[in-house]
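*Asks:* sequence unavailable; structure follows:
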């Protein structure tokens, strides 16, 4: 394996790791707010769930970038 392939794979790992970290931080804040809103008004459950899904897409984008880097290497 040459240096370019190794660096591409390291970049793929960093992409997934940083995206996962960002998603975790976002879901911590959104999840706490969603639980609080649902406790006050049960009709807010759907909106809270939607916001949780939106923050989850960050890690999916990171995984897609990692896959693109992996196939380039």
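*Replies:* Arrived safely. Every value quoted in this text rests on a predicted model; they were computed, and no experiment measured them. Numbers count the residues shown, from 1 in each chain.

*Asks:* from here on, just use CA atoms for contacts and neighbour counts.
*Replies:* OK.

*Asks:* isn't residue 48 right next to residue 34, touching?
*Replies:* Yes - between residue 48 and residue 34 there is a contact under Cα atoms under 8 Å: 4.6 Å.

*Asks:* where do the helices of the protein begin and end?
*Replies:* Secondary structure of the chain (DSSP state H): helices at 3-40, 45-72.

*Asks:* and the last one with helix 3-40, angle?
*Replies:* Read it as helix 45-72. 180 degrees (axes from the mean of the first three to the mean of the last three Cα atoms, to 10 degrees).

*Asks:* what's the spacing between residue 21 and residue 54?
*Replies:* For residue 21, the distance to residue 54 (Cα to Cα, to the nearest Å) stands at 15 Å.

*Asks:* mind checking pLDDT for residue 65?
*Replies:* We have a pLDDT of 89 for residue 65.

*Asks:* oops, could you answer that again for residue 55 instead?
*Replies:* pLDDT, read off for residue 55, is 87.

*Asks:* that one touches residue 25, doesn't it?
*Replies:* No - contact between residue 55 and residue 25 fails when scored by Cα under 8 Å: they sit 9.3 Å apart.

*Asks:* tell me which of these two has more neighbours.
*Replies:* Neighbours were tallied for residue 55 and for residue 25 using other Cα atoms under 10 Å; the higher tally belongs to residue 55 (19 against 13).

*Asks:* so residue 63 touches residue 14, yeah?
*Replies:* No - counting by Cα under 8 Å, residue 63 sits too far from residue 14 to count as a contact (10.2 Å).
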